[in-house]
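Peer 1: sequence? don't have it. structure:
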């Protein structure tokens with residue numbers, strides 16, 4: 001929304017009796033007095049008469065029931081989410097003002113209402129059906145701020161006798177349309193309504209301001225969604241220059257391509273000048289099965305994360321002959337986003353690549369932050385299920401009850417707080433695609449046999465029902481726990497462990513592949529520049545050397561966060577060791593290198609020295625932190641000639657010497 005609100009948008013109180021006389025003349029067929037009635041109102045009255053709106057109405061139609069309203073809220077979730085904070089402010093700001101703020105969708109259906117809750121206004125609101133689920137379009141309720149603003153696309157006040165329907169003429173209302181910040185399409189309206197005695201000229205300015213605030217939230221939501229889309233689809237983009245690649249957002253709008261957008265569209269036969277294709281979008285955040293006739297089904301890959309449709313990737317061959325090729329399966333570029341040089345990492349990638357084309361379960365093992373979900377995405381992208389849902393469930397981030405309902409779904413009334421009509425679970429959502437169970441070691445013991453039954457039978461029953469539903473999904477699980485030890489401790493079922501561990505893949509920690517650090521840093525630098533709009537910055541060679549020597553307890557995630565932080569906070573174009581936090585800077589221990597140490601021995605020496613320093617020179621604490629016997633630590637200190645100028649008593653009270 002931009003520019004000033006035109007004067008014709010504002011009502012003129014004090015002439016209600018003259019406007020009423022003009023309305024009566026209009027209804028009798030004599031026409032209205034143009035000098036009295038604003039042009040916008042006069043035009044609206046004419047539209048209402050043409051649409052045969054009943055001028056005797058004193059209320060909107062009965063609001064839809066709760067089930068229909070909930071489905072509508074799910075469908076308009078982006079608008080409802082963007083308007084949530086503005087409506088929450090209205091709850092307090094408009095208390096005892098005699099007015100309410102109303103959020104509607106493009107059809108004029110009320111999604112939410114907040115404001116004054118005094119008895120007099122509440123009774124009037126209920127009697128007039130100004131309630132969630134009611135429809136206030138101009139074609140149904142006649143001239144009113146919500147319906148007329150949506151009809152004309154312009155902000156407007158409608159005061160008292162300016163309403164077309166006689167029974168609504170005791171109201172005054174001010175509305176502004178809410179537009180999609182990307183393409184300007186109308187998405188809904190924000191309205192401030194009250195009885196006519198509450199008229200205030202500034203109410204329209206407040207509505208316009210609220211609409212602008214919601215549009216700003218919509219824009220941020222769209223940017224976030226597109227960033228997540230780009231982050232998720234990088235691993236399915238072709239590396240060659242033999243394809244046209246176009247990214248469509250969740251509304252079917254083309255917003256990025258690997259070349260000049262208009263030229264690509266012309267090459268593929270798209271209608272000239274058109275870049276938005278609603279058939280590819282999903283207003284309820286799910287992909288549509290429809291597609292424009294010039295797009296082949298095998299070119300499209302919807303990107304879905306945790307049940308949310310983020311957009312669609314179109315990869316079309318450039319040559320006409322290659323357009324007849326069958327869709328590729330087992331994409332060799334699926335693991336391109338896993339940056340590595342080390343042999344250990346290459347082995348893990350190759351194992352996943354080989355098993356991806358099968359339906360075998362995969363168990364990803366590794367410390368927190370090593371990138372288990374990226375491996376899971378790669379397996380899915382290289383599988384025959386690549387164009388089907390990839391559904392993620394974190395088994396360690398919810399209570400037992402919430403996790404059960406999220407996994408298996410539930411029926412109406414299954415438990416207190418259950419959504420009316422029930423809901424499908426993530427296992428059902430993954431049917432046909434891939435289910436990724438992260439932190440599987442955290443799965444409660446009593447839920448494990450339920451999961452095992454689904455894996456064995458391919459059938460599921462929602463919580464609270466007896467109906468059996470068929471499901472077909474590829475399972476990938478991940479954990480940072482030692483599941484064999486968990487089985488021995490009777491915290492994890494042995495039969496489920498063997499069902500999951502058909503193909504176990506160990507992902508090495510970053511400290512075991514320090515040669516990958518420079519490439520990872522380059523990757524995260526590029527990502528940070530694109531994400532935050534940063535200038536050209538680079539890491540000095542000695543800074544990279546310091547990073548390669550760090551043991552990275554948080555693994556790749558810790559490195560990514562550090563790189564982003566340094567890119568945002570460092571002053572110069574070159575990031576030097578002095579910019580590093582203390583925990584990553586080179587240690588200043590007196591440590592004489594033994595000539596001829598291997599890379600592994602040198603890394604072990606540095607790790608022991610850093611741990612000893614962080615433990616204040618206490619060998620007992622150092623041994624505990626490293627998981628080694630104290631005698632072993634003493635031997636390695638002598639072996640590597642580590643002589644820190646520290647003295648600290650161990651648990652026995654004697655001075656530690658080495």
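Peer 2: Received, thanks. Note that the structure is predicted; figures quoted are calculated from it, not measured.

Peer 1: quick one, helices of the stretch 251-400 of the chain?
Peer 2: Using DSSP state H, counting those that start in this stretch, the helices assigned to the stretch 251-400 of the chain run over residues 261-268, 343-356, 372-381, 400-408.

Peer 1: identify, out of these, the most deeply packed stretch.
Peer 2: Ranked by mean neighbour count under mean count of other CB atoms under 10 Å, the helices of the stretch 251-400 of the chain are led by helix 372-381, which reaches a mean of 23. (C-beta placed from N, C-alpha, C; glycine too.)

Peer 1: and it, what does it pack onto?
Peer 2: Here helix 372-381 is seen to pack against helix 343-356, strand 362-365, strand 390-394, strand 434-438, strand 474-479 when contacts are counted using 3 or more CB pairs under 8 Å, 6 or more residues apart in numbering; DSSP states H and E.

Peer 1: out of those, which gets nearest to residue 165?
Peer 2: The stretch from the helices and strands packed on helix 372-381 with the least distance to residue 165 (CB to CB) is strand 390-394; that distance is 48.4 Å.

Peer 1: parallel or antiparallel, list what pairs with the closest one.
Peer 2: Strand 390-394 has these partner strands in its sheet, going by DSSP bridges: strand 434-438 (parallel).

Peer 1: quick check: residue 405 vs residue 463, distance?
Peer 2: Counting by CB to CB, to the nearest Å, the separation of residue 405 from residue 463 is 6 Å.

Peer 1: still on that earlier bit, in a markdown table: the helices and strands packed on helix 372-381, plus distance to residue 559.
Peer 2: Shown next, in a markdown table, are the helices and strands packed on helix 372-381 (distance: least, CB to CB, whole Å):
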| stretch | distance to residue 559 |
| --- | --- |
| helix 343-356 | 14 |
| strand 362-365 | 19 |
| strand 390-394 | 22 |
| strand 434-438 | 20 |
| strand 474-479 | 19 |
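
Peer 1: wait, which of the ones you listed is closest to residue 608?
Peer 2: helix 343-356 (21.5 Å).

Peer 1: centre of the chain versus the closest one, how much separation?
Peer 2: 29 Å (CA atoms, centre = their mean, to the nearest Å).

Peer 1: what lies in contact with that helix?
Peer 2: Surrounding helix 343-356, the residues in contact under the criterion CB atoms under 8 Å, 6 or more residues apart in numbering are 330, 332, 334-335, 338, 340, 362, 375, 378-380, 382-383, 503, 505-508, 512-513, 516.

Peer 1: buried among these? Make that a PyMOL selection.
Peer 2: A single PyMOL command suffices to select whichever of the contacts of helix 343-356 are buried according to 16 or more other CB atoms under 10 Å:
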select buried, resi 334+335+338+340+362+375+378+379+380+382+383+503+505+507+508+513+516
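
Peer 1: rewinding a little: so which of the helices of the stretch 251-400 of the chain comes closest to residue 111?
Peer 2: When these are ranked by distance to residue 111, counting by CB to CB, first place goes to helix 400-408 at 25.3 Å.

Peer 1: what about the longest helix in this protein?
Peer 2: With DSSP state H setting the assignment, residue counts place helix 202-233 as the longest helix in the chain.

Peer 1: beyond that one, next helix or strand please.
Peer 2: On the C-terminal side of helix 202-233, the nearest following helix or strand under DSSP states H and E is strand 243-249.

Peer 1: chain center to that following strand, what's the gap?
Peer 2: 20 Å.

Peer 1: can you give the strand pairings for that strand, parallel or anti for each?
Peer 2: Strands that pair with strand 243-249, judged by DSSP bridges, come out as strand 254-257 (antiparallel), strand 308-317 (antiparallel).

Peer 1: roughly how far does residue 98 sit from residue 290?
Peer 2: Going from residue 98 to residue 290 by CB to CB gives 47 Å.

Peer 1: ugh, typo on my part, it should be residue 181
Peer 2: Spatial separation of residue 181 from residue 290 under the definition CB to CB is 25 Å.

Peer 1: same deal with residue 473?
Peer 2: Counting by CB to CB, the gap between residue 473 and residue 290 amounts to 25 Å.

Peer 1: nearest spatial neighbour of the residue sitting nearest the centre point of the chain, skipping sequence neighbours?
Peer 2: Within the chain, one residue has its C-alpha closest to the average C-alpha position: by CA atoms, centre = their mean, that is residue 225, at 5.7 Å. Distances taken as CB to CB, 6 or more residues apart in numbering place residue 310 nearest to residue 225, at 5.9 Å, with adjacent residues excluded.

Peer 1: one more: residue 207?
Peer 2: When the adjacent residues along the chain are set aside, residue 207 lies closest to residue 176, with 4.4 Å between them (CB to CB, 6+ apart).

Peer 1: give me the pLDDT for that neighbour.
Peer 2: Residue 176 carries a pLDDT score of 96 in this model.

Peer 1: Three-state assignment for it, please.
Peer 2: Following DSSP: H, G, I helix; E, B strand; the rest coil, we place residue 176 in the strand state.

Peer 1: burial check on it, number of neighbours?
Peer 2: For residue 176, the count of nearby residues is 28 (other CB atoms under 10 Å).

Peer 1: that older thread, neighbour-wise, which of residue 98 and residue 290 wins?
Peer 2: For residue 98 versus residue 290, neighbours defined as other CB under 10 Å are more numerous around residue 98 (19 against 11).

Peer 1: quick check: that one touching residue 192?
Peer 2: No - contact criterion CB atoms under 8 Å: residue 98 and residue 192 do not qualify, at 10.6 Å.

Peer 1: surely the residue nearest to the centre of the chain is in contact with residue 250?
Peer 2: Yes - taking CB under 8 Å as the definition, residue 225 is a contact partner of residue 250 at 6.4 Å.

Peer 1: overlap of the contact sets of the two?
Peer 2: With CB under 8 Å, 6+ apart applied, the overlap between the contact sets of residue 225 and residue 250 consists of 310, 311.

Peer 1: what are the ranges of the strands in the stretch 1-150 of the chain?
Peer 2: Using DSSP state E, counting those that start in this stretch, the strands found in the stretch 1-150 of the chain span residues 99-105, 110-115.

Peer 1: what residues sit buried inside the shortest one?
Peer 2: Burial within strand 110-115, assessed by neighbour count using 16+ other CB under 10 Å, is assigned to 110, 111, 112, 113, 114, 115.
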